[in-house]
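Enquirer: no sequence on hand, only this structure:
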Ligand SMILES: NC(=O)C1=CN([C@@H]2O[C@H](COP(=O)(O)OP(=O)(O)OC[C@H]3O[C@@H](n4cnc5c(N)ncnc54)[C@H](OP(=O)(O)O)[C@@H]3O)[C@@H](O)[C@H]2O)C=CC1
Ligand SMILES: Cc1cn([C@H]2C[C@H](O)[C@@H](COP(=O)(O)OP(=O)(O)O[C@H]3O[C@@H](C)C(=O)[C@@H](O)[C@H]3O)O2)c(=O)[nH]c1=O
């Protein structure tokens with residue numbers, strides 16, 4: 001197996017990839033944190049590609065601060081579009097396969113049916129828009145790519161909704177959480193497993209895929225499950241989006257259909273509640 005470079009290697013998904021790679025005893029992955037490989041620095045990237053001649057490149061680097069992106073458009077676009085284009089160009093030049101991660105926030109969220117890969121993307125936030133632009137620059141440079149759109153990532157690593165809820169559950173008596181945004185949480189360890197399966201199986205079914213855990217929930221029901229499974233006694237109230245004003249607008253419905261991933265990538269996808277239980281168990285251990 002040739003070398004796999006992981007950009008954004010110190011972020012949440014990057015750390016999950018390290019965890020799963022270790023579990024599967026995969027030693028050919030090179031994890032590059034931002035300080036070592038900024039995807040906006042073409043000279044650095046050129047040198048890194050020349051040195052490692054990667055077979056696969058996994059891009060976990062992204063600007064992910066959804067609300068801040070509304071004020072930092074250039075920064076968000078730089079990382080989420082231009083940085084991705086830099087990687088796609090170099091992948092094309094070196095014959096490397098690019099595995100890139102995108103988001104359910106490319107959708108407007110106005111529907112009520114599980115979204116398939118061919119459904120229209122119409123982002124309603126700067127983060128979603130710049131991530132869509134990142135998806136779109138890849139095929140202009142290479143056909144050897146996998147784009148995995150995922151949603152509501154959490155894990156025992158970095159900051160995420162599960163860890164925020166566990167912290168708030170200890171600090172506060174009452175929490176108010178939105179119940180009119182529906183989607184599917186994704187345990188980033190499961191996503192990391194899917195990515196490494198693509199590499200291990202040398203899958204050639206390039207293209208765009210949806211990957212989240214199975215099932216549907218709201219942020220409110222997700223929070224309730226976190227508190228129930230972690231035995232955290234905190235009063236949790238369902239509120240509407242309008243009662244929790246944020247700078248960026250989030251899709252009201254971003255449930256994704258994973259039929260294509262299950263068929264072509266041959267991955268089994270756990271239900272979100274089962275994976276949540278695994279994550280909470282690891283956080284408690
Ligand atoms: N988190 C979520 O809920 C979801 C995430 N996604 C997508 O999944 C992917 C992984 O997300 P996640 O791991 O959670 O995000 P994180 O924010 O945890 O990780 C992103 C990493 O990218 C790094 N980074 C930022 N700018 C650059 C740059 N210019 N060059 C190199 N590295 C950079 C960050 O470093 P630093 O922190 O030092 O800036 C950080 O380590 C992203 O593409 C994201 O858009 C999709 C759906 C849901
Ligand atoms: C903390 C908190 C959040 N919320 C709501 C706000 C928001 O609608 C939802 C989730 O809030 P967060 O800010 O944790 O997550 P957010 O940044 O909106 O999460 C998104 O991140 C990007 C990177 C993605 O790609 C998306 O798939 C999605 O995971 O929960 C409450 O209702 N009450 C609360 O106390």
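Expert: That came through fine. No experiment lies behind these values; they were computed from the predicted model shown. Ligands and ions are numbered 1, 2, ... in the order given.

Enquirer: show me the helices in the stretch 101-250 of the chain, by range?
Expert: Secondary structure of the stretch 101-250 of the chain by DSSP state H, counting those that start in this stretch: the helices cover 126-137, 161-171, 188-200, 219-229.

Enquirer: who in the chain is up against ligand 1?
Expert: Within the chain, the positions adjacent to ligand 1 are 7-8, 10-13, 34, 38-40, 60-64, 79, 83, 101, 103, 131, 150-153, 158 by Cβ under 6 Å from any ligand atom. (Glycine included, C-beta is placed from N, CA and C.)

Enquirer: quick one: low-confidence ranges for this protein?
Expert: By pLDDT under 70, the chain has no low-scoring segment.

Enquirer: buried residues in the helix or strand where residue 85 lies?
Expert: According to DSSP states H and E, residue 85 maps onto helix 83-94. Judged by neighbour count using 16 or more other Cβ atoms under 10 Å, the buried positions of helix 83-94 are 83-92.

Enquirer: again with stretch 204-223
Expert: For stretch 204-223, by 16+ other Cβ under 10 Å, it's 206, 208-214, 217-223.

Enquirer: mind checking how far it is from the chain centre?
Expert: 10 Å (Cα atoms, centre = their mean, to the nearest Å).

Enquirer: do you know how far the residue with the largest distance to the centre of the chain is from ligand 1?
Expert: Ranked by distance from the centre of the chain (Cα atoms, centre = their mean), the top residue is residue 173, with 30.9 Å. Residue 173 sits at a distance of 27 Å from ligand 1 (criterion: Cβ to the nearest ligand atom, to the nearest Å).

Enquirer: with residue 282 instead?
Expert: For residue 282, the distance to ligand 1 - Cβ to the nearest ligand atom - is 17 Å.

Enquirer: what's around that residue, how many residues?
Expert: By other Cβ atoms under 10 Å, the residues close to residue 282 number 12.

Enquirer: in a strand, it, correct?
Expert: No: counting by DSSP: H, G, I helix; E, B strand; the rest coil, residue 282 is not found in a strand; it is helix.

Enquirer: residue 11 and residue 61 touch, don't they?
Expert: Yes: with contacts counted by Cβ atoms under 8 Å, residue 11 reaches residue 61, the gap being 7.2 Å.

Enquirer: tell me the contacts of residue 236?
Expert: The contact partners of residue 236, taken as Cβ atoms under 8 Å, 6 or more residues apart in numbering, are 174-177, 220, 223-224, 227.

Enquirer: ok, these vs residue 68, which is closest?
Expert: residue 177 (21.0 Å; Cβ to Cβ).

Enquirer: distance of the closest one from residue 27?
Expert: 42 Å (Cβ to Cβ, to the nearest Å).

Enquirer: who's more crowded, the two?
Expert: residue 177 (21 against 8).

Enquirer: please name the bridge partners of the more buried one.
Expert: Judged by DSSP bridges, the bridge partners of residue 177 are residue 238.

Enquirer: doesn't residue 239 make contact with it?
Expert: Yes: counting by Cβ under 8 Å, residue 239 is a contact partner of residue 177 at 6.7 Å.

Enquirer: intersection of neighbour lists for these two?
Expert: residue 220.

Enquirer: doesn't residue 32 make contact with residue 38?
Expert: No: the criterion here is Cβ under 8 Å, and residue 38 misses it with residue 32 at 9.4 Å.

Enquirer: neighbour-wise, which of those two wins?
Expert: Neighbour totals were compared for residue 38 and residue 32, and residue 32 leads with 23 against 17 (other Cβ under 10 Å).

Enquirer: okay, that one and ligand 2: tell me how far apart.
Expert: 20 Å.

Enquirer: give me the nearest residue to that residue, chain neighbours excluded.
Expert: Excluding the flanking residues, the one nearest residue 32 by Cβ to Cβ, 6 or more residues apart in numbering is residue 9, at 4.9 Å.

Enquirer: which element is that neighbour on?
Expert: Going by DSSP H and E, residue 9 is not in any helix or strand.

Enquirer: okay, and the beta partners of whichever residue of the stretch 1-150 of the chain sits closest to ligand 2?
Expert: Residue nearest to ligand 2 within the stretch 1-150 of the chain: residue 103 (3.5 Å; Cβ to the nearest ligand atom). Under DSSP bridges, the beta-bridge partners of residue 103 are residue 150.
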